[in-house]
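Chemist: With the input below, show me the fold.
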Amino acid sequence: MKLFGLTGYPLGHSLSPVIHKELMKIREIQGAYSLYEVSPQELGEKIPVLKKDLCGFNVTIPHKVDIIPFLDELDEKADLFGAVNTVSLNGETAKGYNTDCVGFLRALDAAGIELGGKVLLCGAGGVARMFAFEAALAGSDLTIAARDADISAAEKIKNEISEKLGKNCSVINLRDVKDGYDLIINGTPVGMFPNTNACVLDKGVVEKSSAVFDAIYNPRETLLLKYAKEAGLKYSNGLSMLVLQAAAAQEIWNGVEFSNPDINRVIKIIETEPEKI
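Modeler: This is a model prediction of the structure:
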């Protein structure tokens, strides 16, 4: 029996055990996936234990950056982003990966959305930073839109992209967004349950755009995605990204592959069996 898990703090309710259980069932992997809540103060003490007891593990807030000193090696993307969400364990070697970016890119591809042209990224937090780097790597004309309190964080991302990738992007205030875009990416929690009547952008901006990706998956259809659907745009929520980043972790740990029907099967199980959520 192979043991895997997720560490973070606080963890609360997580879909990860259900997702990984279903993925392992599809590939007939004899494994279990558990939650390991570790406070920041305990990180130095607990990580060696996880490395000893598990075959691999995922990392979430607030440990995605702080885990790095405890690792022996970083994947190229994890090194670029300075954030790790998956750790593989091979003997004495612990290697950090970032599969969030894999999940994001595969989710866009599954929805038929191209990462290119004029891209508006809403937000400047951890996941938004990853979205920004991927948009810049894809050669997009990127604009980062943030609220007043997050403008400095957005400027920091802009500067990092310039320094690390040699690419330029723009920063504006969310309230100043008026134009349409080839792709809108929501990296903020605006519209998440229970505040489902909130939308990060005006309806008119969405209607002038071509595609929307919302990292939120609860609810499945945010007000932002409802606007996109009504306007006939291509769109995707964050559930496919969540499942796809988990699948990428399983690929790393177990050397397996998952087809689109496999991924859709897991998504359907989560959507149709709310007691598992």
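Chemist: Pull stretch 139-155 out as CSV, backbone CA atoms only.
Modeler: What follows is stretch 139-155 as a C-alpha-only set of coordinates in CSV (Å, rounded to 0.1, in the frame of the first residue of the first chain):
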residue,chain,number,x,y,z
GLY,A,139,3.7,35.5,-25.1
SER,A,140,0.4,37.1,-24.1
ASP,A,141,-0.2,40.8,-23.9
LEU,A,142,-0.8,40.6,-20.2
THR,A,143,-2.6,43.1,-17.9
ILE,A,144,-2.8,42.4,-14.2
ALA,A,145,-5.8,44.0,-12.5
ALA,A,146,-5.9,44.3,-8.7
ARG,A,147,-7.8,46.2,-6.0
ASP,A,148,-6.2,49.1,-4.2
ALA,A,149,-4.7,46.9,-1.4
ASP,A,150,-3.1,44.5,-3.9
ILE,A,151,-1.6,47.0,-6.4
SER,A,152,1.8,46.7,-4.8
ALA,A,153,1.7,42.9,-5.0
ALA,A,154,0.7,43.2,-8.7
GLU,A,155,3.6,45.5,-9.3
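Chemist: which of the residues in that stretch are buried?
Modeler: Going by neighbour count (16 or more other Cβ atoms under 10 Å), the buried part of stretch 139-155 is 140-147, 150-151, 153-154. The way it works is simple: take the backbone N, C-alpha and C, and place the C-beta from them, glycine included.
Chemist: Residues contacting it, please?
Modeler: 115-125, 128, 132, 135-136, 157-158, 161, 169-177, 181, 183 (Cβ atoms under 8 Å, 6 or more residues apart in numbering).
Chemist: how close does K118 get to L108?
Modeler: 15 Å (Cβ to Cβ, to the nearest Å).
Chemist: can you check S210 too?
Modeler: For S210 relative to L108 (Cβ to Cβ), the value is 13 Å.
Chemist: neighbour count winner among the two?
Modeler: Neighbour count, other Cβ atoms under 10 Å: between S210 and L108, L108 has more, with 23 against 17.
Chemist: Does the more buried one lie in a helix or a strand, and which?
Modeler: L108 belongs to helix 100-110 when assigned by DSSP states H and E.
Chemist: Ok, I185 next?
Modeler: With DSSP H and E as the criterion, I185 is inside strand 183-186.
Chemist: So the closest residue in space to G82 that isn't next to it in sequence: helix, strand or coil?
Modeler: Once flanking residues are discounted, G82 sits nearest to V65: 6.2 Å by Cβ to Cβ, 6 or more residues apart in numbering. Secondary structure assignment for V65 (DSSP: H, G, I helix; E, B strand; the rest coil): coil.
Chemist: Spit out the contact partners of V65.
Modeler: V65 touches 82-84, counting by Cβ under 8 Å, 6+ apart.
Chemist: ok, now I161?
Modeler: 132-133, 136, 142, 167-169.
Chemist: Please enumerate the strands of the stretch 1-150 of the chain.
Modeler: 2-8, 31-37, 56-59, 73-74, 86-90, 93-97, 118-122, 141-146 (DSSP state E, counting those that start in this stretch).
Chemist: for the ones you listed, which one sits closest to L201?
Modeler: Across these, L201 has its closest neighbour in strand 118-122 (6.8 Å, Cβ to Cβ).
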